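S.K.: need coordinates for the following:
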Amino acid sequence: MMSSVYRMTPIEYYQEQCKNSLVVNDPEQLKALVHFQSVYNALLQEHKQRFRLMAVLRKPRLVKGLYLWGGVGIGKTFLMDCFYHCIPFPYKMRMHFHQFMQFIHQELKKLQGEKEPLQKIAKTIAQKNLLLCFDELFVSDITDAMILARLFEALFSHGVCLVATSNVEPDELYKNGLQRPLFLPAIALLKLNTTVAHIPTQIDYRLRHLKSAGVFFLSNDRLAQQNMEKSFDLLTQGLTISHEPLDVCGRSIQIYKQAGRVVWFDFERFCAIPRSQQDYLAIAKNFDTIFISNIPVIPPHAKNTIALFIRMVDVFYDARVRLVISAAEVIDKIYSQGSMLFEYTRTRSRLLEMQSESYFLSER
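M.R.: Numbering: from 1, shown residues only. Model prediction:
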C-alpha cells in the first residue's frame, strides 16, 4: 500500500477499493469497519497524548481494541489490513497469532531463570508498539493456553491496544482443552479490553474460485505446479508465507510452504514417512486447506505407504479438511493392485467426494 493510505481512514480506504473495483462492496464488511474506525480514531488521539511533552509522567491509557470473529473467507484479514495500513504511526505490529506465540516462546527461553519473564517481554513489546494486530487468534496448545492470561494482563497493563481476528467467538477459544479453567481469565481479559464483533458467515468466495479452478491436478501436466501455485496464492492473499518446518506433537515436519490456515506438503516428505494418527489430527486442527503435491502411483509392495495415505485421508475427511492435490495418475489408478485394495476403495470414494462442490464449500 502506498503512503497515501495514511491520509485515509479505514472506511475511506475501503470505499476507495470498492470505487476502483478491487473489492466488492459488502454491507457486513462495512459494518465491521465501523468498529475498526472507532479504534482508529481512539488510537490517533492516544498517540497524540502519549508522545506530547511530559507524557512520561502520564500513565498510558489503554485504548479498547477489537476482536472480530466469523467464518473463513469473509474478509476478516483484509479488513484488519485496511485498518493496520491506515494507522499513520510506526508503533505497531501485525503478526499471525501462531507466529507471535512462537516469538513469545523464543523470548521466554532467553529469559529462562529470571523472575516475571512475561512482564519483561510485555514491557519490551509495549515500548515499541501502541498497537498489536493478530490474525487468526486460535488456541490449541496447552503451553500457549497456560501463559496467555498473564501475557494479556501484562500487555494491557502497559497500554497496548489489541486487535485480533478469529474464526471463533472468545468463549469458544480452547474449548475442551486440557486444564481449560486456567485459560478462562484470558478470555475474560479479551472481552474486557476489546469490543467483540461478529461478521455473519457467508460462502467463502475464495473457495468458489478455487473449486472452479480445480482441486486435483495430474503431475505430468506441465501446468500442474503453476495451477497449484495460483490456487495457493488465491487462498493466502495478504498473508505472510513461511517455509519453516512445522512443529507437530514435538516432531518437525518439512513443508513446501504455509500461510495462515493453509499448508502445502510434498508427498514424499509427508506421506511416505511413518506418522501417528495424532500427527494428522493436529494438522487437521490447525489447517483448513491442505495441498499435497506429487502423489505417485503406489506399488503393491508399499503397504506402509498406502496404509499411511489411507489413514491421512480418513482423518482429513472426518475433519472436513479441504484437499488440493497433484498425482501421477487419476485417483482410481493411484493404488490399483495390492493387499489393501479393499481399504483403498473407501479412500478412493472419499477423495472423489472431497472434490465435490458440496464438500468443498461446507462448514467445518
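S.K.: contacts, neighbours, all on C-alpha from now
M.R.: Noted.
S.K.: and the nearest residue in space to residue 262 that is not next to it in sequence, backbone torsions?
M.R.: If you skip the residues right next to it in sequence, residue 262 has residue 289 as its closest partner in space, 4.9 Å away by CA to CA, 6 or more residues apart in numbering. The phi and psi torsions at residue 289 (degrees, to the nearest 10) take the values phi -130, psi 130.
S.K.: what's the pLDDT at residue 289?
M.R.: Model confidence at residue 289, expressed as pLDDT, equals 93.
S.K.: same check on residue 193?
M.R.: 97.
S.K.: so how far is residue 41 from the closest residue to it other than its chain neighbours?
M.R.: The shortest distance from residue 193 to any residue that is not its chain neighbour, by CA to CA, 6+ apart, is 5.3 Å, and that residue is residue 64. The gap separating residue 64 from residue 41 is 11 Å, by CA to CA, to the nearest Å.
S.K.: and stretch 262-281, average pLDDT?
M.R.: 90.
S.K.: pull out the buried residues from it.
M.R.: By 16 or more other CA atoms under 10 Å, the buried positions in stretch 262-281 come out as 262, 263, 264, 265, 266, 267, 270, 271, 272, 279, 280, 281.
S.K.: show me which pair in these is furthest apart.
M.R.: Between any two of the buried residues of stretch 262-281, the greatest separation by CA to CA is 20.7 Å, found for 262 and 272.
S.K.: all helices of the stretch 101-250 of the chain, in order?
M.R.: Listed in chain order, the helices of the stretch 101-250 of the chain (DSSP state H, counting those that start in this stretch) span residues 117-128, 142-157, 184-193, 205-213, 224-236.
S.K.: and those helices, which one averages the lowest pLDDT?
M.R.: The lowest average pLDDT among these, as it happens, falls on helix 205-213, at a mean of 52.
S.K.: and stretch 337-350, how far from the chain's centre?
M.R.: Relative to the centre of its chain, stretch 337-350 is centred 33 Å away, using CA atoms, centre = their mean, to the nearest Å.
S.K.: check which helix or strand covers residue 49.
M.R.: With the criterion set as DSSP states H and E, the secondary-structure element containing residue 49 is helix 27-50.
S.K.: so what touches that helix?
M.R.: By CA atoms under 8 Å, 6 or more residues apart in numbering, the residues outside helix 27-50 that reach it are 9-11, 55-56, 58, 60-61, 63-66, 68, 75, 79-80, 83, 87, 130, 195, 197-200.
S.K.: among these, which lie within helices?
M.R.: 10, 11, 79, 80, 83 (DSSP state H).
S.K.: can you tell me which of the residues you listed is nearest residue 241?
M.R.: Nearest member of these to residue 241, counting by CA to CA, is residue 80, at 17.5 Å.
S.K.: burial count for residue 312?
M.R.: A count of neighbours around residue 312, defined by other CA atoms under 10 Å, yields 20.
S.K.: on the three-state scheme, it is what?
M.R.: On the three-state scheme (DSSP: H, G, I helix; E, B strand; the rest coil), residue 312 is labelled helix.
S.K.: for the closest residue to it other than its chain neighbours, grab phi and psi.
M.R.: Nearest residue to residue 312, sequence neighbours excluded (CA to CA, 6+ apart): residue 280, at 6.2 Å. Backbone geometry at residue 280, expressed as degrees, to the nearest 10, gives phi -70, psi -40.
S.K.: pull the contacting residues for residue 280.
M.R.: Residues in contact with residue 280 (CA under 8 Å, 6+ apart) are 312, 315, 316.
S.K.: what is the neighbour count of the last one?
M.R.: Spelled out, that is residue 316. The burial count assigned to residue 316 is 23, neighbours taken as other CA under 10 Å.
S.K.: same check, this time on residue 75
M.R.: Around residue 75 there are 18 other residues, counting by other CA under 10 Å.
S.K.: what pLDDT is listed against the residue nearest to it when sequence neighbours are not counted?
M.R.: With CA to CA, 6+ apart as the criterion, residue 75 has its nearest non-adjacent residue at 7.3 Å, and that residue is residue 29. What the model reports as pLDDT for residue 29 is 90.
S.K.: so how far is residue 42 from residue 29?
M.R.: Note on residue 29: its distance to residue 42, by CA to CA, is 20 Å.
S.K.: between those two, who's got more neighbours?
M.R.: Set side by side, residue 29 and residue 42 give different neighbour counts by other CA under 10 Å, the larger being at residue 29 (18 against 14).
S.K.: quick one: that one and residue 237, what's the gap?
M.R.: When distances are taken as CA to CA, residue 29 and residue 237 turn out to be 17 Å apart.
S.K.: I'd say residue 66 and residue 169 touch.
M.R.: No: under the criterion of CA atoms under 8 Å, residue 66 is not in contact with residue 169, lying 12.0 Å apart.
S.K.: burial count for the residue lying closest to residue 158 once chain neighbours are set aside?
M.R.: In space, residue 158 comes closest to residue 126 once its chain neighbours are excluded; the distance is 6.1 Å by CA to CA, 6+ apart. One way to gauge burial is a neighbour count; for residue 126, by other CA under 10 Å, it gives 22.
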